[in-house]
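Novice: quick one: sequence and predicted model below, then my questions.
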Amino acid sequence: MPEMTYLDADELVINMGPQHPATHGVLRVKLKLDGERVMGTECIIGYLHRGVEKIAENRTYLQFAPYVDRMDYVAAVTNGMGYCEAVEKLLGVELPERAQYTRMILAELQRIASHLLWLGTHALDLGAMTPVFYTFREREEILKIFENYCGARLTTHAFRIGGLQYDLYERFEKDVIKFCDYFPKMVDEYETLLTTNRIWMERTKGVGVLTAADAIALAVSGPVLRGSGVKWDLRKAQPYEAYDKVEFEVPVGECGDTYDRYLVRIKEMRQSVRIIRQCVERIAPGPIFGKVGKVIKPPAGEIYHSIEAPKGELGYFVVSDGTTHPYRVRVRPPSFVNLQALDIMSRGHLIADIVAIIGTIDIVLGEVDR
Amino acid sequence: MLDSALQFLGDHPLVLATVKILVIFSVLSGVLAYIVYLERKVLAFMQARLGPMRVGPWGILQAIADPLKLILKEDIIPSGADKTLFLIAPVISVAAAFTVFAAIPFGDKDIVIHGVNLGLPLISNINIGILFILAVSSLGIYGIILGGWASNSHYPLLGALRSAAQLVSYEVAGGMAIIGVLLISHSMSLVDIVERQQSMGVWNVFLQPVGFFIYLVAAIAETNRSPFDLPEAESELTAGFHTEYSGFRFSLFFMAEYTSMVLVSCIAVTLFWGGWLRPFQGVASLDFLKFTPVVVFLAAAVAIVLGARKNQVPMEKLVLFAIAAGCVLLAAALAYPLVTSAIQGIFWFSVKVFVFLYAFIWYRGTFPRYRYDQLMNLGWRVMIPLGLANVIATAAVCYVLQPHPAATMLGMLSR
């Protein structure tokens, strides 16, 4: 036993999580505190590790598709879309237009649903308990559309490699347009509650500032990057599906604080509605499957394909050795990379701000730990 | 039998006070249970959901089921806790909150039954009522600090310290706001303050808008309600000072919070909104307002009947119709001029308090939570200077309007 125990009176270490209402899952953050001021943070992850990437090596390409839904479980549609596209790219398959537009509509609906979940929980973390019920009300409408389309609400497994499993149901366009008509009014309602609310502004302005240079250096992506003023959106930068055929804007923030990221996501929801409208207009009857064989056996080679998921750049690196099983699948999840920014963003702030900052990064632990 | 009992009460002020205490305590306890129900319902409607619906029709028996459940639960004492303090802390909180009601006047007319005068509907007309209220309600903080400290746990301790700092700072601002009223009213007795508002023909809120605003903010902060509910910030400190409490002791803290909510509403109504006074009492053309109680109860009965028609459960339907019938009977009783005039004061007082309680719930449904340092900044840099300025301005105006303010101040003290 050491002879003396030495107490460092300047620094207090507190464990936040893995069981904590505001860490959005099983994230554990070690906080080094000076009073209530945060001197540094250390994220300890892995409590939700399920070995998804390893599982891929023992499954066929088709069998692995449902597993990706379980990574970012609040945005399963985009996860599946990224994986399917990566394999399609490896196969060299072109998708028919109808399949492309369907995928875009569902993916944008998923983006809205994911942002709604983020908005509700973020506001709840900062003590506003009403928005979460409003956002869940609208999210429910989106989930109903998913349910009608493929029978599942959360882990949808909506797409298949090479196209869609199901064609659209009869009232699909009507449902989507109805949602697009009423949803912007609901966004106005959230904004009435929060955007110009004095307390909301005081809690978010100047909190968790991430400069553009830091953001790029840390490779963060998605709304966190755009909140810092960097105009980088994979839908514009390297368009996939038919994103080059629709018009939309990429909202950016100015100073990279929590308030800017909030505004960016709110504006993104409105832009998503705009994209969905255009897709519904253009969607025409036609085939929903590209030319893929019964057995999916990509030629030997490797591919990296990334899409703009609600939380940022979602990339799949797939290596094929010419068999029916992938040799290796590596996922680049946006939450995992964005979480790195937590330390820089939270230094010098108070404990209460940590809650706001974890909320504003918008992480899903299923995706961070995989 | 009844007459002799009443006579006995009239002759023995101590016994009378005890009876009044029992009546006010039991009414208050019932009201508290239903404020929780009201809060859950109102919040639910604001948040696009239904709230309690299971226990009784529209969940109206939830208010009884909740305390019952809490009483039956195990009373856990953490192993490292300071046992005595841990047990006594919630009692301090709730006792302090209830004691203050001794000085709150609920109406103006003496209660006269069978020719026996039972005095005003308040337990004790203290001539320094306001001081008593401030002094006793501040004692509640001991319960919070001791509870947090005795739990021997980090989160409750942090919550308790936050609470203590918050309450102490906002009590200063709240006190400043009250001084303005005292300067106008020339009295510290709550009955005198209300009567003064009657004789001036204008409620204090119109003479002291800044004071009222400061008092309102301070009141929300003192009751630890949203947006100042930092001590129990769920997302940061789990439940604050009462994290380690369970069962009935937890419900005592809960009761203390809601009691002080009612309490600050009562004080705000008495000091700023004319207490038991009816709006537009001096305007003859608006005299029909005195029939409001009758109309309100009739409207309630109609609303309940309309709502109950759709109810599928026969038993629940019966209960709702019984409540509606009760409302009609009450309305009929109130229609007698004698009863109307007797009940006017209490009715208007309750209505005003209800408006405040509703506002408290409304804030909770609307605002995010302040951060600790922002709360302190608001208290010390905005509220207290504003309160000081308000006191000075009020004093200056009083000095200009009255030739001998010093004399009135002295008179006020010697009263």
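Specialist: Yes, it's here.

Novice: let me see the ranges of the strands in chain B.
Specialist: Applying DSSP state E to chain B gives strands spanning B:112-113, B:116-117.

Novice: next, the buried residues of stretch A:239-249.
Specialist: For stretch A:239-249, the buried set under the neighbour-count rule, 16 or more other Cβ atoms under 10 Å in any protein chain shown, comprises A:Tyr240, A:Glu241, A:Ala242, A:Tyr243, A:Val246, A:Phe248. Yep, even glycine has a C-beta here, placed from its N, CA and C like the rest.

Novice: and of those residues, the nearest to chain B?
Specialist: For the buried residues of stretch A:239-249, the minimum distance to chain B (Cβ to the nearest Cβ) is 29.6 Å, reached by A:Phe248.

Novice: next, the contact list for residue 46, please.
Specialist: You didn't say which chain, so I picked chain A. For A:Gly46, the contacting residues are A:Asp369, by Cβ atoms under 8 Å, 6 or more residues apart in numbering or on different chains.

Novice: you looked at the wrong chain, it should be chain B
Specialist: A:Thr130, B:Trp362, B:Gly365.

Novice: ChimeraX command for the buried members of these?
Specialist: Burial among those is assessed by 16+ other Cβ under 10 Å; the matching ChimeraX selection reads:
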select /A:130 /B:365
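
Novice: turn the contacts of B:Met46 into JSON lines, including distance to A:Trp200 and pLDDT.
Specialist: Below are the contacts of B:Met46 laid out as JSON lines (distance: Cβ to Cβ, whole Å; pLDDT from 0 to 100):
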{"residue": "A:Thr130", "distance to A:Trp200": "12", "pLDDT": "87"}
{"residue": "B:Trp362", "distance to A:Trp200": "17", "pLDDT": "89"}
{"residue": "B:Gly365", "distance to A:Trp200": "14", "pLDDT": "85"}
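
Novice: from the contacts of B:Met46, which is closest to B:Ser251?
Specialist: B:Gly365 (23.1 Å; Cβ to Cβ).

Novice: longest helix anywhere in the chain?
Specialist: Answering for chain A, as no chain was given. The residue-count maximum for a helix in chain A (DSSP state H) belongs to helix A:97-125.

Novice: my question was about chain B
Specialist: Chain B, longest helix under DSSP H: helix B:13-46.

Novice: only the buried residues of it, if you could.
Specialist: For helix B:13-46, by 16+ other Cβ under 10 Å, it's B:16, B:20-21, B:24, B:28, B:31-33, B:35-44, B:46.

Novice: closest to B:Cys266 out of the contacts of B:Met46?
Specialist: Nearest to B:Cys266 out of those is B:Trp362 (Cβ to Cβ; 18.3 Å).

Novice: pretty sure B:Leu161 sits against B:Ile144.
Specialist: No. The criterion here is Cβ atoms under 8 Å, and B:Leu161 misses it with B:Ile144 at 9.7 Å.

Novice: quick one: A:Pro131 and A:Gly120 touch, right?
Specialist: Yes. Proximity of A:Pro131 to A:Gly120 meets the contact threshold set by Cβ under 8 Å, at 5.5 Å.

Novice: related to what we said a few turns ago, the contacts of B:Met46 in helices, which ones?
Specialist: With helices defined by DSSP H, the entries of the contacts of B:Met46 inside them are B:Trp362, B:Gly365.

Novice: I'd like the contacts of B:Met46 as a markdown table, with distance to B:Val210 appended.
Specialist: Shown next, in a markdown table, are the contacts of B:Met46 (distance: Cβ to Cβ, whole Å):
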| residue | distance to B:Val210 |
| --- | --- |
| A:Thr130 | 29 |
| B:Trp362 | 22 |
| B:Gly365 | 26 |
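
Novice: which residues does B:Pro78 contact?
Specialist: B:Pro78 makes contact with B:Phe86, B:Ser151, B:Asn152, B:Ser153, B:Glu244, according to Cβ under 8 Å, 6+ apart.
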